[in-house]
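Participant: Got a sequence here, can you model it:
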Amino acid sequence: MTKILIIGSASLDTLHISGQTHHTVGGAGLYTALAVAKAGCSATLLAPMPEPMPEPLQLAANQISWIGPLIAPDQLAQLEIAHHGDGKATLIGAAWGATETLSSQALPTDLSGYFCVHVAALPTAHAQLEFVQACRQRNASRISVGTYAKIAFGETDTVRQLLERTDFFFMNENEARGLFGELNDLRGPDGSMWFITMGKEGAWLLRGSEQIKVESPAVTEVDPTGAGDTFCGVTLAGLANGMALREAMLNGCSLAAQTIQGIGPSRLY
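Facilitator: Reported below is the predicted structural model:
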């Protein structure tokens, strides 16, 4: 089975949706890894690993290979998010926990056996860049990176360096505007692929002069947390399994649409 390594975090999340509060699990790294596994690849998550494993994370841990420094459960990242519908949300609070000290020293020494290494959201873009550089030194065949609004707007220059050094880059429409401003005339790189997720409008690929746009199935949104990370994981897994770009992206949009119909990553189990 083709292998993909995901670098990131798992978190314990508190979600406020339609006047109700839900306690679940999340984290960009965890969502991406679960999506990779759901799409038929072997997913390895490099993230701080709690010992003992909290019961809410047990189902997820059973579906992926989890490696990384051992931590106490109270050192897990914790997020609090208020969702307002139509894909809009407010991050009320974020504690990165042990993810703040995760370093490239935790990487396996040889990454050539993975189809690609994906660097998901980390506390800073600088931390992501350190991992990208270390992955190249450890013979990674392909490197993928995802971003988020805080660093796209706050560490724009560093995120642009990431764009130049990766084979795949995933962002949503808001993050893309933070990096590029107007998107109408945006041209992708010649040597890599940029994926822009656009919520219910689907997703967009840019590679040089090539552009591919795919639609997303119309569904009733319950919890949009992790939709972009799900698209990322499924698309990468599709490419790893030999799918054409459009087919891999359509699969990504389809599973992302399924994911947002449940609370947390429950639809990825």
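
Participant: What strand or helix carries I4?
Facilitator: strand 3-7 (DSSP states H and E).

Participant: what's the next secondary structure element after that strand?
Facilitator: Next in line after strand 3-7, if elements are assigned by DSSP H and E, sits strand 11-17.

Participant: What pairs with that following strand, parallel or antiparallel?
Facilitator: Applying DSSP bridges to the sheet, strand 11-17 is found paired with strand 20-26 (antiparallel), strand 77-85 (parallel).

Participant: which residue ranges form the helices in the stretch 1-150 of the chain?
Facilitator: 28-38, 55-63, 125-137, 149-154 (DSSP state H, counting those that start in this stretch).

Participant: most packed of those?
Facilitator: Looking across the helices of the stretch 1-150 of the chain with neighbours counted as mean count of other CB atoms under 10 Å, the highest average goes to helix 28-38: a mean of 30. All C-beta atoms are positioned from the backbone trio N, CA, C, and that covers glycine.

Participant: chain center to it: distance?
Facilitator: Centroid separation between helix 28-38 and its chain, computed with CA atoms, centre = their mean, to the nearest Å, is 8 Å.

Participant: and that helix, what does it pack onto?
Facilitator: If contacts are counted by 3 or more CB pairs under 8 Å, 6 or more residues apart in numbering; DSSP states H and E, helix 28-38 sits against strand 3-7, strand 42-46, helix 55-63, helix 227-240, helix 245-259.

Participant: again, only using 6 Å
Facilitator: With contacts taken as 3 or more CB pairs under 6 Å, 6 or more residues apart in numbering; DSSP states H and E, helix 28-38 sits against strand 3-7, strand 42-46, helix 55-63, helix 227-240.

Participant: now it and helix 227-240, what's the angle there?
Facilitator: On the basis of axes from the mean of the first three to the mean of the last three CA atoms, to 10 degrees, helix 28-38 is oriented at 40 degrees to helix 227-240.

Participant: outside of helix 28-38, which residues touch it?
Facilitator: 4, 6, 8-10, 43, 45, 47, 60, 63-64, 120-121, 226, 229-230, 232-234, 237, 265, 268 (CB atoms under 6 Å, 6 or more residues apart in numbering).

Participant: All set, thanks.
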